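Novice: Give me the fold of what follows.
(one chain, ligands or ions: 1)
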Amino acid sequence: MARQSPARPNSARELLFGDLWEFDPAPESAPAHIEPHYGLFINGRFVAAKSRRRIDSISPRNGAKLAEISEAKAADVDAAYQAAANAFKSWSKIPGRDRSKFLFRIARLLQDRAREFAVAETLDGGKPIRESRDFDLPMAAAHFFYHAGWADKLDHVVPGRRLAPLGVVGQVIPWNFPLLMLAWKIAPALATGNTVVIKPAETTSITALKFASILQDAGLPPGVVNIVTGGPETGALVVNHPLAAKIAFTGSTEVGKMIQHSLAGSGKKLSLELGGKAANIVFEDAPLDQAVEGVINGIFFNQGHVCCAGSRLLVQEGIATTFTARLKRRMATLRVGDPLDKNTDVGAINSLAQLKKIQELVQSGIDDGTVMHQHTCKLPKKGFYFPPTLFTGVSMSQRIASEEIFGPVLSILTFRTSEEAIEKANNTRFGLSAGVWTDKGSRILMMASRLKAGVVWANTYHQFDPASPFGGYKESGFGREGGKHGLIEYSQLV
Ligand code: NAD
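Specialist: From the prediction side, this is the model:
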């Protein structure tokens, strides 16, 4: 006779996968092929920086040095612009169908080396290999494919008008999606016949430098794309160079404002993709399981280092308690740790500086008297890590509800009516993105028309497509990337 199992308490133990079950390590093993030292990519080849200055590139996964990159100074940035200006003379004149072939080749080569690039991106930036493999690399290739399709159809973007190139474009990008931001910038610039000087972020330059070998293998003419590395000083040199016809910047609002000031009156075209503090709004009639997944993905994707992260959850009062309980339960199942492990959901924080910024803002939330709930996982001893965190009892005036944390931290607020949700969602200096979760189609349309955000997702979150323009309002910047709108940013209409 089977023995009766001991009586269980009413709250039966849940099947949680978090730290209760130890998973065997499943590290991605493909080699990343990272050089110990990189020069600057100017006029189709790697050259030493004239300054001979180097910066250590640290892997946030374990805090170890991954490589050395060069620091470009004025003479180097000038050499890059001269090469780009020279290349523009012929690149801007070759038929669109030929530019299209180069873009297509770049996309195919990225696909061929996707695994190697994904590992390099994860080692350099700390994002889980699952994301660099399944999101960053396929999306980067998709942007080149998409723009390959446009390069010979530029006469059809705006009826009755032709798109002509601007000249040399200076581009400065951030560290959260290093290769993808590069693709967002370079693909439309080349499709429209411009040449490029691009500067990746100082903490994540490796995939941009590896990308140079793809340009060489694709046979791209020398000087069409030049890659200079360095920190803010190099960025300022790229932005202020007199040969730049347009500047495209993605990064923080503070730096974006400085760039806008410095370019005022220069006649240079400018697009700014800056910070955000998106509201993810959940109504009582929403499909709740789906909404829980969307909120979790909205804030913990890429450790929350996402400009359009849903970092403010607005949940309707009647379901606030249940919904928060479900979120906590789902959060406990996230696997936090080594980003190179294929089971990891939340990887390393990109840099020590960013980790300190997150810690400081989280402390402000605690000091303000809000209630913090954190994942109880064991964090790796080496490297930069922060546990997924939620705050309840948050009010709009607190820093955690108004400042961009850019980390895995969610602030939960409540609302009663649609009007209150709209007012709270729009009560921010940013305007990049928002999410709405409801069963009612008419409510989705009403909310989308009244939320002041460049992108509004309905019953989903973080969906991207090269054909869909992306960009912000207010202090989230101006200009659009992707789609026809993105092509116009890199062109003059004639
Ligand atoms: P950041 O502004 O500190 O740096 C971005 C880039 O600008 C880096 O390459 C940096 O070296 C360079 N830079 C710094 N100071 C400069 C200066 N004075 N002149 C010229 N260049 C300078 O931002 P970050 O911390 O690297 O990135 C995070 C920020 O980027 C967040 O605010 C995030 O929201 C934003 N972001 C926005 C989007 C978007 O599409 N809206 C996308 C990704 C990231």
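
Novice: need the contact list for the most centrally placed residue in the chain.
Specialist: Computing the C-alpha centroid of the chain and ranking residues by C-alpha atoms, centre = their mean puts residue 177 first, at 4.1 Å. Listed by C-beta atoms under 8 Å, 6 or more residues apart in numbering, the contact set of residue 177 reads 136, 302. No exception for glycine: its C-beta is placed from N, CA and C like everyone else's.

Novice: what does residue 458 give?
Specialist: Residue 458 makes contact with 435-438, 444, 447-448 under the criterion C-beta under 8 Å, 6+ apart.

Novice: That one and residue 425, how far apart?
Specialist: As judged by C-beta to C-beta, to the nearest Å, residue 458 and residue 425 stand 14 Å apart.

Novice: what's the answer for residue 115, then?
Specialist: Distance, residue 115 to residue 425, using C-beta to C-beta: 40 Å.

Novice: What of residue 435?
Specialist: 10 Å.

Novice: Same check on residue 83?
Specialist: 46 Å.

Novice: In stretch 26-43, which of the residues would be classed as buried?
Specialist: 28, 32, 34, 38-43 (16 or more other C-beta atoms under 10 Å).

Novice: ok, and of those residues, which contact the ligand?
Specialist: Checked against the ligand using C-beta under 6 Å from any ligand atom, the buried residues of stretch 26-43 give no members in range.

Novice: one step back: which members of the contacts of residue 458 are the farthest-apart pair?
Specialist: 437 and 448 (12.6 Å; C-beta to C-beta).

Novice: and residue 366, how many residues sit next to it?
Specialist: 12 (other C-beta atoms under 10 Å).

Novice: tell me the pLDDT at the closest residue to it other than its chain neighbours?
Specialist: Distance criterion C-beta to C-beta, 6 or more residues apart in numbering; nearest residue to residue 366, sequence neighbours excluded, is residue 372 at 5.9 Å. At residue 372, the model reports a pLDDT of 97.

Novice: Do you know the pLDDT at residue 41?
Specialist: Looking at residue 41, its pLDDT reads 98.

Novice: Confirm it sits in a strand?
Specialist: Yes. According to DSSP: H, G, I helix; E, B strand; the rest coil, residue 41 belongs to a strand.

Novice: in stretch 62-75, what's buried?
Specialist: Going by 16+ other C-beta under 10 Å, stretch 62-75 has these buried residues: 62, 66-67, 69-73.

Novice: Report the distance from it to the chain centre.
Specialist: Stretch 62-75 has its C-alpha centroid displaced from the chain centroid by 21 Å (C-alpha atoms, centre = their mean, to the nearest Å).

Novice: Run the chain-centre distance for stretch 423-439.
Specialist: With C-alpha atoms, centre = their mean, you get 19 Å for stretch 423-439.

Novice: what's the answer for stretch 232-241, then?
Specialist: With C-alpha atoms, centre = their mean, you get 21 Å for stretch 232-241.

Novice: what about it and the ligand, any contact?
Specialist: Yes. Stretch 232-241 comes into contact with the ligand (C-beta under 6 Å from any ligand atom), by way of 232, 235-236, 239.

Novice: which one of the residues you listed has the most neighbours?
Specialist: Top of the residues of stretch 232-241 next to the ligand by neighbour count (other C-beta under 10 Å): residue 235, with 25 neighbours.

Novice: Of all residues in the protein, which one is closest to the ligand?
Specialist: At 2.2 Å from the ligand, residue 235 is the closest residue in the chain, using C-beta to the nearest ligand atom.

Novice: Now that residue: which helix or strand?
Specialist: helix 232-240 (DSSP states H and E).

Novice: Low-confidence regions, this structure specifically.
Specialist: For the chain, the stretches with pLDDT under 70 are 1-21.

Novice: got the residues of it near the ligand?
Specialist: So the chain meets the ligand at 172-176, 199, 201-202, 231-232, 235-236, 239, 250-252, 255, 258-259, 273-276, 307, 404, 406, 432, 472, 476-477 (C-beta under 6 Å from any ligand atom).

Novice: burial of the closest residue to the residue of the chain closest to the ligand other than its chain neighbours, as a residue count?
Specialist: Leaving aside its chain neighbours, residue 235 sits nearest to residue 172 (4.7 Å; criterion: C-beta to C-beta, 6+ apart). When neighbours are counted by other C-beta under 10 Å, residue 172 registers 26.
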